[in-house]
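Peer 1: Sequence and predicted structure are below.
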Amino acid sequence: MKTKHLIKFLSNSAHLDADLEFVDILKVAVSDGALKLNASDLVFDHVVKVKHKKLAKRANTDHSRKLVVNHLKGSIRAAFIKGIYEAASVYFQDILKAVVKKGINTDRLLGEHNKNFSCKEIIELGSYAKIQDAIALAIFRQLENERSTKALLEKMIKKLGLTIAEELITDALPYFEIRHKLVHAEGKADRQFCVNFPNIEAEEDKPIRLSFKIVTEANDTIIALIKEFDLQIVANNLVST
């Protein structure tokens, strides 16, 4: 059995994966000349000068076409890393909301995290269900503010009373961290990243190369981690089904 939150996560990740597949097909099509049948003197036959002003300025050469599609491939792979992180983040938020509604040991759930609501905020929220959602979201935001994905995952596990294999966290962690580098450091690795994740083969102060291997492993390891979370959440009857 799966929670509806896992189904939502898997749906989102499938759309992201389809984007990776499509850009790969597009690259093959460009390499095979499918978008350039010499029907125009532009970089691609379907470029319209008044609409595609940037592409209209590109040289009509195979090299120029290769540059365009490779840049797109890199952008889609970066968007994939960011997107699957966001999908996982939404999953955790949804789970916390569902757990709060179902009922859980509040001492364990809150721990060192807390949130006080003013009378005005309570009135504006309007219902107990919305107050519960606000509490769950406040807890998650405080976890995010620690700026450590490993700490976030470990504290989520503790709050929910789960037992997740360390290997699953270790396998997924570098790809969560790559997302942070894409968002906050132009995708460049620092010394600590290179030391912590030697298997990524990144170089200090240089952009992390988002190879097919990297995005595939990001997809596989993050999905495996979320599936294990969900399996234990269902097994421990933490959310209503």
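Peer 2: Great, that's in hand. Numbering: from 1, shown residues only.

Peer 1: Going by C-alpha atoms from here, please, whenever you check contacts or count neighbours.
Peer 2: Fine.

Peer 1: Can I get stretch 209-226 in CSV, CA atoms only?
Peer 2: This file holds the C-alpha atoms of stretch 209-226, laid out as CSV (Å, rounded to 0.1, in the frame of the first residue of the first chain):
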residue,chain,number,x,y,z
ARG,A,209,29.0,18.1,-14.5
LEU,A,210,25.4,16.8,-14.6
SER,A,211,26.1,13.7,-16.6
PHE,A,212,23.5,11.1,-17.5
LYS,A,213,25.0,8.9,-14.7
ILE,A,214,24.5,11.7,-12.2
VAL,A,215,20.8,12.4,-13.0
THR,A,216,20.0,8.7,-13.2
GLU,A,217,21.5,8.0,-9.8
ALA,A,218,19.7,11.1,-8.4
ASN,A,219,16.4,9.7,-9.7
ASP,A,220,17.0,6.2,-8.4
THR,A,221,18.4,7.0,-4.9
ILE,A,222,15.9,9.7,-4.0
ILE,A,223,12.9,7.6,-5.1
ALA,A,224,14.3,4.6,-3.1
LEU,A,225,14.6,6.9,0.0
ILE,A,226,11.1,8.3,-0.4
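
Peer 1: quick one: average confidence on that stretch?
Peer 2: What stretch 209-226 shows for mean pLDDT is 94.

Peer 1: tell me how far that stretch is from the chain's mean position?
Peer 2: Computed by Cα atoms, centre = their mean, to the nearest Å, the chain-centroid distance of stretch 209-226 equals 10 Å.

Peer 1: Equivalent analysis for stretch 50-64, please.
Peer 2: In terms of Cα atoms, centre = their mean, the centre of stretch 50-64 is set 32 Å apart from its chain centre.

Peer 1: contacts for stretch 117-126?
Peer 2: Ile131 (Cα atoms under 8 Å, 6 or more residues apart in numbering).

Peer 1: same thing but at 10 Å, please
Peer 2: Stretch 117-126 is contacted by residues Asn116, Tyr128, Lys130, Ile131, Gln132, Asp133, Ala134, Ile135 when judged by Cα atoms under 10 Å, 6 or more residues apart in numbering.

Peer 1: could I get it in CSV with only the CA atoms?
Peer 2: Provided in CSV are the C-alpha atoms of stretch 117-126 (Å, rounded to 0.1, in the frame of the first residue of the first chain):
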residue,chain,number,x,y,z
PHE,A,117,0.3,31.5,16.9
SER,A,118,-1.3,34.9,17.8
CYS,A,119,-5.1,35.2,18.2
LYS,A,120,-5.1,37.0,14.9
GLU,A,121,-3.3,34.2,13.1
ILE,A,122,-5.7,31.6,14.6
ILE,A,123,-8.8,33.5,13.5
GLU,A,124,-7.4,34.1,10.0
LEU,A,125,-6.6,30.4,9.6
GLY,A,126,-10.3,29.7,10.2
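
Peer 1: immediately after the lowest-mean-pLDDT helix or strand in the chain, which helix or strand?
Peer 2: Least confident helix or strand, the chain: helix 106-110 with a mean of 71, by mean pLDDT, DSSP states H and E. Moving toward the C-terminus from helix 106-110, the next helix or strand (DSSP states H and E) is helix 119-125.

Peer 1: Sort out which residues of the following helix or strand past that following helix are buried, please.
Peer 2: Counting by DSSP H and E, the next helix or strand C-terminal to helix 119-125 is helix 128-145. Of the residues in helix 128-145, Ile131, Gln132, Asp133, Ala134, Ile135, Ala136, Leu137, Ala138, Ile139, Phe140, Leu143 count as buried by neighbour count, 16 or more other Cα atoms under 10 Å.

Peer 1: And helix 128-145, what does it pack against?
Peer 2: helix 62-102, helix 106-110, helix 119-125, helix 149-160 (3 or more Cα pairs under 10 Å, 6 or more residues apart in numbering; DSSP states H and E).

Peer 1: what angle sits between it and helix 149-160?
Peer 2: Following axes from the mean of the first three to the mean of the last three Cα atoms, to 10 degrees, one obtains 140 degrees for the angle between helix 128-145 and helix 149-160.
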